[in-house]
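# only geometry, no sequence info:
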C-alpha cells in the first residue's frame with residue numbers, strides 16, 4: 001500500500017529500473033522504500049551517497065545505535081526493525097528491547113546512552129537541543145566532529161523516514177522473518193505489509 005502511485009517493478013525503465021535492480025541485488029526483492037522514490041530516482045541515488053558519506057567516519061556499532069535511536073523516536077517501523085536487527089551482532093534481543101525502552105543496560109556504556117539520548121532529542125525536536133546537551137556529549141569523550149556525526153546521522157534518518165511515512169510506504173513483508181520477540185517491540189509505527197515482496201522476475205536469478 002502507498003498513498004501515491006508508484007512505478008510497478010516489472011514496468012520500470014531507465015533510471016527507475018536501474019534503481020530497482022540495485023535494490024533487488026542488495027535485498028533479494030525491491031523494497032517498498034525504493035518504490036516510493038520511483039518518481040525521483042535521482043533523489044534516492046543522492047540520498048544513498050549522502051548516507052554513505054555520513055556513515056564513513058563511524059564504526060558500525062556507533063552508526064547503528066544512533067540510527068536505531070532516531071528511527072525508534074520517529075516511530076518508523078521499517079528503520080526501527082532494520083537497524084534494531086542490525087544491532088544483533090552487538091546485543092542480545094533482551095538488550096535491544098531495553099535500548100528501545102530507554103532502560104538501563106549493562107552492555108551499553110554511559111557515553112553511548114548519552115549519544116542515543118542526543119539522537120532521540122534531535123529526532124523529536126532539534127530546536128530543543130542546547131549547548132548543555134552538546135557539552136554532556138563532550139564530557140563523555142565525544143569530539144566536535146563526532147557530535148556532528150551524531151547530529152547528521154539523526155537528521156538524515158528524519159529526512160528518510162518522514163518522506164516514506166508521508167507517502168504511505170509500508171514495512172516490507174520480509175520483516176516478518178525477524179524474531180517475533182524483537183519484531184513486536186520494534187513495530188512502532190505503520191504495520192508490516194501483508195503483500196508479497198515485489199521481485200523483478202527477469203533478474204531474479
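Nice, thanks for sending it over. On a predicted model such as this, the values are computed, not experimentally measured, just so you know.

# which ones are touching residue 197?
Residues in contact with residue 197 (Cβ atoms under 8 Å, 6 or more residues apart in numbering) are 29-31, 172-174. Every residue, glycine included, has its C-beta placed from N, CA and C.

# count of neighbours near residue 111?
One way to gauge burial is a neighbour count; for residue 111, by other Cβ atoms under 10 Å, it gives 14.

# quick one on the thing from earlier: in a markdown table: the contacts of residue 197, plus neighbour count.
Output for those, formatted as a markdown table (neighbours: other Cβ atoms under 10 Å):
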| residue | neighbour count |
| --- | --- |
| 29 | 20 |
| 30 | 26 |
| 31 | 22 |
| 172 | 23 |
| 173 | 16 |
| 174 | 18 |
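
# tell me which of those fall in helices.
Counted as lying in helices by DSSP state H, out of these, is not a single one.

# now for those, which pair is the farthest apart?
30 and 173 (12.1 Å; Cβ to Cβ).

# number of residues surrounding residue 40?
The local packing of residue 40 (other Cβ under 10 Å) involves 15 other residues.

# repeat for residue 118
Neighbourhood size, residue 118 [other Cβ under 10 Å]: 24.

# how near is the residue most central in space within the chain to residue 6?
For the chain, residue 79 is the residue whose C-alpha lies nearest the centre (Cα atoms, centre = their mean; 3.3 Å). When Cβ to Cβ, to the nearest Å is applied, the distance between residue 79 and residue 6 equals 19 Å.

# low-confidence ranges in this protein?
Filtered on pLDDT under 70, the chain yields the residue ranges 202-205.

# if I pick the nearest residue to residue 199 once chain neighbours are set aside, what's in contact with it?
Closest residue to residue 199 apart from its sequence neighbours, by Cβ to Cβ, 6 or more residues apart in numbering: residue 29 at 5.0 Å. Shown here is residue 29, whose contacts under the criterion Cβ under 8 Å, 6+ apart are 172, 174, 197-199.

# sort out which of those are in strands and list them.
Judged by DSSP state E, strands contain none of the contacts of residue 29.

# contacts for stretch 116-132, please.
For stretch 116-132, the surrounding residues in contact (Cβ under 8 Å, 6+ apart) are 65-66, 68-74, 99, 102, 108, 133-134, 136-137, 150-151, 153-155, 157-158.

# other SSEs contacting the longest helix anywhere in the chain?
The longest helix of the chain (DSSP H) is helix 144-166. In terms of contact count using 3 or more Cβ pairs under 8 Å, 6 or more residues apart in numbering; DSSP states H and E, helix 144-166 is assigned the packing partners helix 32-36, helix 41-55, helix 60-73, helix 77-85, helix 110-125, helix 131-139.
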